[in-house]
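>>> Test case, fold it:
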Amino acid sequence: MQIPIQITFHDVPHSDGVEQYVRTRAAKLDTLATRVTGCRVVLEAPHRHARHGEHYHVHVDVTLPGGEVVAARSPDGAKTYEDLHAAVDATFDDVERRLQDFVRRQRGDVKPHERARHGNVAKLFPYEGYGFLTTAEGDELYFHRNSVLEAAFDRLKVGDRVRFVEDAGEAGPHASTVVLV
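Residues are numbered from 1 along each chain as shown. As a prediction, the model looks like this:
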């Protein structure tokens, strides 16, 4: 890391053992992404429960060129952590997964999703269960009843604006994932 790690204890007594454990987990981040510029970790106990003990909140913010990766484990979530080490582990596991995804996106290893296009319903054949769309370029694309999301085929009318993804089929290009706008 180019900037030393910042560890903040908020409503949690400072512990050298916990601080060293956090530094060890943070050092592993450098092996996942070589250009980590900074890491901030906040350890806090926002609520004190009389019957259930303390529940810890851990927030990790990793800064890299071109972005930031953030993860947090909070007692408000589905799982509460009464052990500070368990909360640190769960949060750093999340940060590591998100950091790996970030690095893959930066390298271009992740396939980009096709952007949905817009068009208008040109022809409908409700009894046969298909229709045709006109794209902004003037092309006409076939679509089937099963390609229309949210069972909206019966609500479609000629002239309705739709969003769709164009796919290549056996008989040529067709519209899939058709959504009524």
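
>>> Please pick out the residue of the chain most distant from its centre.
Relative to the centre of the chain, the most outlying C-alpha is that of Y127, 39.9 Å out, by C-alpha atoms, centre = their mean.

>>> Helix, strand or coil: sort out that one for me.
coil (DSSP: H, G, I helix; E, B strand; the rest coil).

>>> And it, its phi and psi?
The phi/psi pair for Y127 (degrees, to the nearest 10) reads phi -70, psi -30.

>>> can you pull out the helices in this protein?
Along the chain, the stretches classed as helices by DSSP state H are 16-27, 29-32, 84-107.

>>> so what does the second one touch, helix or strand wise?
Applying 3 or more C-beta pairs under 8 Å, 6 or more residues apart in numbering; DSSP states H and E, one finds that helix 29-32 makes contact with helix 84-107. Backbone N, C-alpha and C define where each C-beta goes, glycine included.

>>> now do the longest one
On a contact count with 3+ C-beta pairs under 8 Å, 6+ apart, helix 84-107 meets helix 16-27, helix 29-32, strand 38-49, strand 53-64, strand 67-73.

>>> The first one too?
When contacts are defined as 3+ C-beta pairs under 8 Å, 6+ apart, helix 16-27 sits against strand 6-10, strand 38-49, helix 84-107.

>>> average pLDDT for the last one?
The reference is to helix 84-107. Helix 84-107 carries an average pLDDT of 89.

>>> same thing with the second one?
With pLDDT averaged residue by residue, strand 38-49 scores 82.

>>> out of the helices and strands packed on helix 16-27, nearest to H59?
Closest to H59 of these is strand 38-49 (C-beta to C-beta; 4.3 Å).

>>> buried stuff in the closest one?
39-45 (16 or more other C-beta atoms under 10 Å).

>>> and if you look at stretch 161-172?
Result for stretch 161-172 [16+ other C-beta under 10 Å]: buried residues 162-164, 166.

>>> do stretch 6-20 as well
Quick answer for stretch 6-20 (16+ other C-beta under 10 Å): 7, 9, 12, 18.

>>> Give me the domain ranges for this structure.
As given by automatic domain parsing, the domain ranges for the chain are 6-107, 117-180.

>>> The closest residue to I7 other than its chain neighbours bridge partners, please.
Nearest non-adjacent residue to I7, counting by C-beta to C-beta, 6 or more residues apart in numbering: V41, 4.9 Å away. Taking DSSP bridges as the rule, V41 bridges to I7, V60.
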